[in-house]
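take this sequence and fold it.
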Amino acid sequence: MPAVPTSENAYCAKGDVAQFGERDGPAELPKTCFYTALDATPSPGDQIRVTAGSDLEEVVEKAKCGDTLLLPAGASFPLREFPRKNCDDQHYITIRTDAPDSDLPPEGTRISPAWAGIASLPGRPPYAQPAGGAAKRMAAIETLRPTGIEFGDHYRFIGIEWKAAPDRGVLRLLFTKGGDHLIFDRNWMHNEDGEEMVAGLGIAQGGTYIAVIHSYMSGFACLARIGRCTDAKAIGIGGGSSPIHTIKIVDNYLEGSGENILLGGAAGSGNPEDIEIRRNYLFKPTFWNPNSPDHRGPTPIVKNLFELKSANRLLFEANYLENSWGGFSQVGPAIVLTPRNGANKITNTPTCPLCAITNVTIRYIWVRKMNQLFVLANPKDSNKPAPGNHYSIHDVVAEGLRYPECGKACGGAENQISGGGAGMPAESVLHDVSVDHVTLVSMSTPHSLFILNGPPAGAPPGVQMSNISWTNSLADAGVHGAYPTGGGEANCASLGAHASAKDRLKACWNPGVFKGNVIAVGSNAAPEAEDWPQGNHIAKSQEAIGYVNLNHGLDGDYHLAASSKFKGMATDGKDPGADIDAVLQALSGVR
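Numbering: from 1, shown residues only. So this is what the prediction gives:
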């Protein structure tokens, strides 16, 4: 196969010409894009040197389209907003540090807190350093507005540190609130450890052509039991009555306790569309984890690494996800796709009646240390269940499933696939989902490969989950293979305690395909091959799959060894499991 592209504008040509292609399997790819190279955001006007101690709001108010504001490195400026200027694509206002380009990472290269003079952050992976070591080469902007600095149009920010002004009760750093043509390029957005902040960047109430590139976002957390918020994220997208589309998140370090990235979940009139999320490192520090030896309080509320509640035409490619654990409302999943409508608590009317998750592509992903890989679940909301359909997922590696520090809340299945319960409208039931060439490596025996929920067996065609396929993948079957989430006879998978995985899959996916997979059944209480549909391959254990180096399920080499009897046994003639070489190439330089 051709190499996975890694450049910032790999899928977007100058002039915002989208080059994603039409489809990946059942999923339509984004139709619009944002070309973010420096040559596309000219600022041909005046260069204005802003002195330390100046009123930046006054300077910005007077700035004209095409001007560049040079902020002194090491200085801080309090601010409430960057107003709308009604500029055009040939006259961006550039706000940047006055440090020369030679003192910053080159264009297209991720910055780190070292350019703000911070050589390391406790509990985070090592990061890049300026030549000569950490130095204050960024200028800082302090958020005065508790809901975040607000933005107008056509601003590019280079080498800026964003932080909360003291004693302002800031719960969100930045809030686009209908802004457009905004580029955060080589920025550090952060909160202080032990303090609360619900979001680094909120894109809501409209927002188009917005990019976060080559930046570092850290410290966004809501605290258990004592906090003012419950669901912190580095980037949150969705909500409001104005369209949100053409969002680009490429080559960033992103840290949030609830979700590192969250789309949807707020009242709104539609779905964020045409979203590109590529080559990001989504990480949770282990000192947030109460089960970890390096835990230190207070304890943040942790949910997952990447979650969608509403989105259309989203590409999630070449991202590295690390550390998720259970203990609050979730059990340590990595990737969660749960379309939600929501309801007004007083009137019980829908708050997002058009919300849905559609046309999502997830490919060339590595996940390290989690309890579950995928939750693909269409909940039965009380007023109007939201649809979820047309997902293409392939070439994903998940290692360290059920790792020891995941905690008592971790357990159960490696994946949840729930299409909705009895009485779900047909249009809201999960359908057209393809999962292909996935490698799942466990550190301890899971309960099952799947937990399932859907309309009861025998429901009319079109009401059951349909066109669901899981193919050419490697996994441990766990003790039960496939199992119901509960719900009694109303759940398609509730066929009795001793029903086989084959029978549960047949009852829930109509039609469905489960083929070309290698299933390790050493812990499985049911019969071996008879427990699974024909066309799959059975290994006695994870070790018997024949990895080059299983290494107890973490930091191994998950190519199939030349001696593995399963080489070339996928339905397409390739090795089952993810294309390890393609995933590693796609992720070069991400972590």
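
would you check how far apart residue 424 and residue 431 are?
11 Å (CB to CB, to the nearest Å). Using the backbone N, CA and C atoms, a C-beta is placed for each residue, glycine as well.

low-confidence regions, the stretch 201-350 of the chain specifically.
343, 345 (pLDDT under 70).

kindly apply the preceding question to the chain instead.
For the chain, the ranges with pLDDT under 70 are 1-2, 343, 345, 382, 523-529.

which residues in the chain form helices?
56-62, 501-508, 542-545, 580-586 (DSSP state H).

buried residues in stretch 242-249?
243-249 (16 or more other CB atoms under 10 Å).

just the residues you listed now: which is nearest residue 181?
Among the buried residues of stretch 242-249, residue 246 lies closest to residue 181 (CB to CB), at 9.7 Å.

distance of that closest one from residue 492?
Residue 246 is 38 Å from residue 492, by CB to CB.

repeat that for residue 390.
The gap separating residue 390 from residue 492 is 21 Å, by CB to CB.

which one's more surrounded, these two?
Higher neighbour count among residue 390 and residue 492: residue 492, with 28 against 23, using other CB atoms under 10 Å.

that one contacts residue 507, doesn't it?
Yes - taking contacts as CB atoms under 8 Å, residue 492 lies within contact range of residue 507: 4.7 Å.

how many neighbours does the closest residue to residue 61 other than its chain neighbours have?
Distances taken as CB to CB, 6 or more residues apart in numbering put residue 83 closest to residue 61, at 6.6 Å, once the chain neighbours are dropped. Counted with other CB under 10 Å, residues neighbouring residue 83 total 15.

show the contacting residues for residue 83.
60-61, 152 (CB atoms under 8 Å, 6 or more residues apart in numbering).

winner for burial among the helices of the chain?
helix 501-508 (a mean of 23; mean count of other CB atoms under 10 Å).

next one: that helix to chain centre, how far?
30 Å (CA atoms, centre = their mean, to the nearest Å).

who touches it?
417, 419, 448-450, 452, 454, 457, 464-465, 468, 477, 480-484, 492-493, 495, 512, 514, 526, 530-533.

among the residues you listed, the buried ones, what's the PyMOL command?
Listed next is the PyMOL selection for buried residues among the contacts of helix 501-508, using 16+ other CB under 10 Å:
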select buried, resi 417+419+448+449+450+452+454+457+464+465+468+477+480+481+482+483+484+492+493+495+512+514+526+531+532+533
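
in a markdown table: the contacts of residue 83, plus distance to residue 92.
Below are these laid out as a markdown table (distance: CB to CB, whole Å):
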| residue | distance to residue 92 |
| --- | --- |
| 60 | 13 |
| 61 | 17 |
| 152 | 12 |
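
closest to residue 360 among the residues you listed?
Once CB to CB is applied, the member of the contacts of residue 83 that ends up nearest residue 360 is residue 152, at 30.7 Å.

got the domain boundaries for the protein?
1-129+138-249+283-300, 303-591 (automatic domain parsing).

what does the residue nearest to residue 61 show for phi and psi?
phi -70, psi 160 (degrees, to the nearest 10).

how near is residue 32 to residue 341?
As judged by CB to CB, residue 32 and residue 341 stand 25 Å apart.

then residue 225?
On the measure of CB to CB, residue 225 and residue 341 end up 29 Å apart.

how far does stretch 182-199 stretch from one end to the other?
End-to-end distance for stretch 182-199, by CA to CA, to the nearest Å: 17 Å.

my bad, stretch 195-207
Using CA to CA, the two ends of stretch 195-207 sit 28 Å apart.

now do it: distance to the chain's middle.
Chain-centre distance of stretch 195-207: 15 Å, with CA atoms, centre = their mean.

got the buried residues for that stretch?
196-207.

identify the farthest-apart pair in these.
Distance extremes for the buried residues of stretch 195-207: the farthest pair is 196 and 206 at 26.3 Å, using CB to CB.

of the buried residues of stretch 195-207, closest to residue 369?
residue 200 (22.6 Å).

in contact with that closest one, which residues?
So residue 200 contacts 162, 172-174, 189-191, 217, 220, 233-235, 256 (CB under 8 Å, 6+ apart).

would you check how far apart it and residue 34 are?
Counting by CB to CB, the gap from residue 200 to residue 34 is 19 Å.

ok, back up a step: which residues do residue 492 and residue 507 both contact?
Common neighbours of residue 492 and residue 507 (CB under 8 Å, 6+ apart) are residue 457.

for the residue sitting nearest the centre point of the chain, name its beta-bridge partners.
By CA atoms, centre = their mean, the chain has its centre lying nearest to residue 306, at 3.1 Å. Note on residue 306: beta-bridge partners by DSSP bridges are residue 261, residue 335.

that older thread, out of the domains of the chain, which is closest to residue 265?
Going by CB to CB, the one of those nearest residue 265 is domain 303-591, 4.4 Å.

chain center to the closest one, what's the gap?
That offset, for domain 303-591, works out to 16 Å (CA atoms, centre = their mean).

what about stretch 129-144, how long is it end to end?
Criterion CA to CA; first-to-last residue distance in stretch 129-144 is 30 Å.

got a list of contacts for it?
Contacts to stretch 129-144, defined as CB under 8 Å, 6+ apart, come from residues 56, 71-80, 96-99, 103-104, 111-119, 149, 159-165, 168, 170, 172-174, 188.

before we move on, the earlier item: tabulate the domains of the chain (TSV), appending distance to residue 263.
Output for the domains of the chain, formatted as TSV (distance: least, CB to CB, whole Å):
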stretch	distance to residue 263
domain 1-129+138-249+283-300	5
domain 303-591	5
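
can you say which of those is nearest to residue 271?
Closest among these, once you apply CB to CB, is domain 303-591, at 4.5 Å.

for residue 362, what are its contacts?
316-317, 335, 391-394, 396.

show me what it is bridged to.
Beta-bridge partners of residue 362, as defined by DSSP bridges: residue 316, residue 393.

what about the strands in the stretch 1-150 of the chain?
Assigned by DSSP state E, counting those that start in this stretch, the stretch 1-150 of the chain shows strands spanning 12-13, 17-18, 23-24, 27-28, 47-49, 68-71, 76-79, 81-82, 93-97, 139-143, 149-151.
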